[in-house]
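# no letters, just coordinates:
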Ligand SMILES: [Zn+2]
């Protein structure tokens, strides 16, 4: 909805002069104007839309009465006029007294408030346009003030040479009689050229309106103005001075800094997770909008653009099928014709069959290079339908797979031709790293902690594998070390910082101590890239307490540690991870809700849970309104964790397996979380991931600062009116 609001005095013709410019379809007053093209381009430049209603505030008295009579005659003379609503300040005439001026000012303020609310309630993009051209100077000033408080798309004026041609002014009785007809069709060029409508400025909505004062914000329900029927005039009485909107606005101005302070203090009292520092500099209206808008699928692009961090992403399960094929291709071109024949021979039975036996991965499970070559042969020669069916479809529906007949293996099945199936081949690393960086960039990640088991990719020299991976990621334009002081200030562009977490497998306790020692040694020359340790593998096998002695060398070196725990198994496992393995973070930790004391301890100590909503739904089984098969499953514990102030980072786990992205995980979390998530909560969650990164504090602080600035730029920019730069002041 667009409203044109005008003040009006003795010269009624300013109304057609303005309307003829912004709504030429209504009355094409300037068809013969010598600068018609300029007028058109100015209107387009300022994106002025024709109004849906015309509102007029004016005084009473003889001059105004005659002016309104003329206006009505003109109104009947133009084709299909729009609804016209007129308010008069009852009893005013020449604006000769303080009281009269206060009366018209109050009317103008209330009409502008009402118009801005009408527009805000309509479709997005509605315009409030104010015409300063009519009435006495004090009335124009009132309207300009109102625009600067309630906001206006444009403030319009009409300028011209002095004196105007007398036909336009209607000096004589005869000229006056002709005026309504004269202004109802294109003016002759001679007359038109004396008029120049223009944009004199815009009005920004004042943040003082959105702050609570005496428990209320500024709204027309507190400062009512009855609305005249279309084409009617309503005489409006001044309310007692104490109820005046003008007084309220003055009071807000006086208390502005206190109001802002109270507003922020109230927010701080309500929230358990601090948001990005710069967001508290947004206007109260912007902050309230973020707090009140539920995060939904329409925000996918918004989430995508925001700088984000993923703290839990397995190298083995991150790539989608097209990316896996790219890696397979890199291996294939390095194979000799004989190796290719052998590879194909091994997978021929699968290629010939639409439905593969459940144990097909074992056919590929020859050790070392041969497994990668066979996987490459299968990836490159099986059809899309075969791969989709045997990797994904046979495991549907992907809800609570851990307790299904195939167990955890069904969850992992889509990743069978990825990770260690390919990475044992040296030719895979560059292509794999390139895909990881491209994927991270496409998802808008600023920071990524990859995790994997290098000793599974290269049993005899796992550290060497990491050195090669680091180089390959660097070649693909990722940052794999802290920024050098010299480059710290340079604009490095959208570079994603990637670190690595070494995963130990709890299923092989006998190898664990040696692997931990390898990791500790590797950390010495991979500092800044190898960031910490993780423990994964079936939680039902060996519990953290049993494995603790194997970790002693990692404890000695104070390596950061995250532990997969409480992913369907009891909270006791999480307790052991915290107290026997000294976990700084917990992968999943879903059953922590069952252990109140430990949960409180985690909150107080800042131990962060890495939650992966889609993976958690697939493995453990939680209700997601978008997934029909999840209907009978329990609610996701995210809301419980948030309400208790627990540090939580949303992560992807295996985006290739779960066919997800980090932005999609925020949307899944919002769907699965009781009461949903607001945009504001999503932003605070994004920040949590950066806060709990396994980086030395100096680098983490620098990363937080730059993400904070980028987030603020994106969010404050989103509400900057597009016209403010080019406006010329009168
Ligand atoms: Zn995981």
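Nice, I can see it. Source: prediction; values computed, not measured.
# ok now stretch 109-117, how far from the chain's centre?
For stretch 109-117, the separation from the chain centroid amounts to 30 Å (computed by C-alpha atoms, centre = their mean, to the nearest Å).
# ok, stretch 6-16 next?
Centroid separation for stretch 6-16 versus its chain: 44 Å, with C-alpha atoms, centre = their mean.
# which other residues reach it?
18, 27, 29, 54-59, 63-64, 66-68, 70-71, 74, 104, 108, 130-136, 139-140, 142-143, 158, 168-170, 179, 183-184 (C-beta atoms under 8 Å, 6 or more residues apart in numbering). Where you see a C-beta, it was placed from the backbone N, CA and C, and this is true even at glycine.
# show me the strands in the stretch 551-700 of the chain, by range?
In the stretch 551-700 of the chain, the segments counted as strands under DSSP state E, counting those that start in this stretch are 561-565, 585-588, 608-611, 648-650.
# surely residue 540 is in a strand?
No. Using DSSP: H, G, I helix; E, B strand; the rest coil, the assignment for residue 540 is coil, not a strand.
# for it, which residues are in contact?
So residue 540 contacts residue 569 (C-beta under 8 Å, 6+ apart).
# what's the distance between it and residue 534?
The span separating residue 540 from residue 534 equals 18 Å under the rule C-beta to C-beta, to the nearest Å.
# repeat that for residue 640.
Taken as C-beta to C-beta, the span from residue 640 to residue 534 is 25 Å.
# neighbour count: these two, which is higher?
Set residue 640 next to residue 534 and count neighbours by other C-beta atoms under 10 Å: residue 534 wins out with 24 against 15.
# could you look up the SS state of the more buried one?
Here residue 534 is strand, with the state taken from three-state DSSP.
# please parse this structure into its domains.
Here the chain is described, according to automatic domain parsing, as comprising the domains 3-256, 309-712.
# quick one, which of the ones you listed gets closest to residue 265.
domain 3-256 (11.7 Å; C-beta to C-beta).
# model confidence over that closest one, on average?
Predicted confidence along domain 3-256 averages 91 (mean pLDDT).
# repeat that for stretch 330-349.
Along stretch 330-349, the predicted confidence averages to a pLDDT of 95.
# may I see the buried residues of it?
Neighbour-count burial for stretch 330-349, counted by 16 or more other C-beta atoms under 10 Å, picks out 330, 331, 332, 335, 339, 340, 343, 344, 346, 347.
# tell me how far it lies from the chain's centre.
In terms of C-alpha atoms, centre = their mean, the centre of stretch 330-349 is found 46 Å from the chain centre.
# what ranges do the strands span in the stretch 151-300 of the chain?
Taking DSSP E, counting those that start in this stretch as the criterion, the stretch 151-300 of the chain carries its strands at 152-159, 196-203, 232-236.
# in the last one, what counts as buried?
Taking 16+ other C-beta under 10 Å as the basis for neighbour counts, the residues of strand 232-236 that come out buried are 233, 236.
# what packs against it?
Contact here means 3 or more C-beta pairs under 8 Å, 6 or more residues apart in numbering; DSSP states H and E; on that basis strand 232-236 packs against strand 84-89.
# how does it look with 10 Å?
Using 3 or more C-beta pairs under 10 Å, 6 or more residues apart in numbering; DSSP states H and E as the contact criterion, the secondary-structure elements in contact with strand 232-236 are strand 53-58, helix 62-77, strand 84-89, helix 98-121.
# out of these, flag the one nearest residue 462.
In terms of C-beta to C-beta, the element of the helices and strands packed on strand 232-236 nearest to residue 462 is helix 98-121, at 60.2 Å.
# re earlier: closest to residue 441 out of the strands of the stretch 551-700 of the chain?
Going through these one by one, with C-beta to C-beta as the measure, strand 648-650 comes closest at 18.9 Å.
# quick one: mean pLDDT for that closest one?
98.
# need the helices and strands packed on strand 232-236 in a markdown table with distance to residue 694 and mean neighbour count, can you?
Formatted as a markdown table, the entries for those read as follows, by distance: least, C-beta to C-beta, whole Å; neighbours: other C-beta atoms under 10 Å:
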| stretch | distance to residue 694 | mean neighbour count |
| --- | --- | --- |
| strand 53-58 | 59 | 24 |
| helix 62-77 | 71 | 17 |
| strand 84-89 | 63 | 22 |
| helix 98-121 | 45 | 21 |
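# how long is stretch 130-139 from one end to the other?
Criterion C-alpha to C-alpha, to the nearest Å; first-to-last residue distance in stretch 130-139 is 12 Å.
# show me which residues of that stretch are buried.
Buried residues in stretch 130-139, defined by neighbour count with 16+ other C-beta under 10 Å: 130, 131, 132, 133, 134, 135, 136, 139.
# hmm, residue 533 is touching residue 564, no?
No. Residue 533 lies out of contact with residue 564 (C-beta atoms under 10 Å); the separation is 11.4 Å.
# overlap in contacts of these two?
Overlap between the neighbourhoods of residue 533 and residue 564 consists of 451, 503, 583, taking contacts as C-beta atoms under 10 Å, 6 or more residues apart in numbering.
# tabulate those residues (CSV), appending distance to residue 416.
Compiled in CSV, those are given as follows (distance: C-beta to C-beta, whole Å):
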residue, distance to residue 416
451, 19
503, 18
583, 29
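# just those now: which is nearest residue 45?
Comparing the shared contacts of residue 533 and residue 564 against residue 45 with C-beta to C-beta places residue 451 closest, at 53.1 Å.
# so the closest one, which of the three states?
Using three-state DSSP, the three-state assignment for residue 451 comes out as strand.
# that one bridge partners, please.
Note on residue 451: beta-bridge partners by DSSP bridges are residue 314, residue 501.
# find the centremost residue of the protein, please.
Per C-alpha atoms, centre = their mean, the C-alpha nearest to the average position across the chain is that of residue 302, at 3.4 Å.
# check contacts around that one.
Residue 302 makes contact with 295, 663, 666, 679, 682, 714, 715, 718 under the criterion C-beta under 10 Å, 6+ apart.
# flag whichever of those scores worst on pLDDT.
residue 718 (65).
# which regions of the stretch 251-400 of the chain lie under the pLDDT threshold?
Per-residue confidence for the stretch 251-400 of the chain (pLDDT under 70) gives these ranges: 367-369.
# in it, which spans are helices?
256-270, 284-292, 300-305, 321-332, 337-351, 360-364, 369-381, 384-387 (DSSP state H, counting those that start in this stretch).
# just name the most buried of those helices.
Most buried of the helices of the stretch 251-400 of the chain, by mean neighbour count (mean count of other C-beta atoms under 10 Å): helix 369-381, with a mean of 23.
# report the distance from it to the chain centre.
Taking mean C-alpha positions (C-alpha atoms, centre = their mean), helix 369-381 and its chain are 41 Å apart.
# please name every helix or strand in contact with it.
The elements that helix 369-381 packs onto, with contact taken as 3+ C-beta pairs under 10 Å, 6+ apart, are helix 321-332, helix 337-351, helix 360-364, helix 384-387, helix 420-423, helix 428-442.
# rerun at 8 Å
Helix 369-381 is packed against helix 321-332, helix 337-351, helix 360-364, helix 420-423, with contacts defined by 3+ C-beta pairs under 8 Å, 6+ apart.
# now those helices as CSV including distance to residue 375?
Conversion of these to CSV gives the following (distance: least, C-beta to C-beta, whole Å):
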stretch, distance to residue 375
helix 321-332, 7
helix 337-351, 9
helix 360-364, 6
helix 420-423, 4
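# what's the closest of the ones you listed to residue 232?
Between residue 232 and those, the shortest gap by C-beta to C-beta is with helix 321-332, which sits at 65.6 Å.
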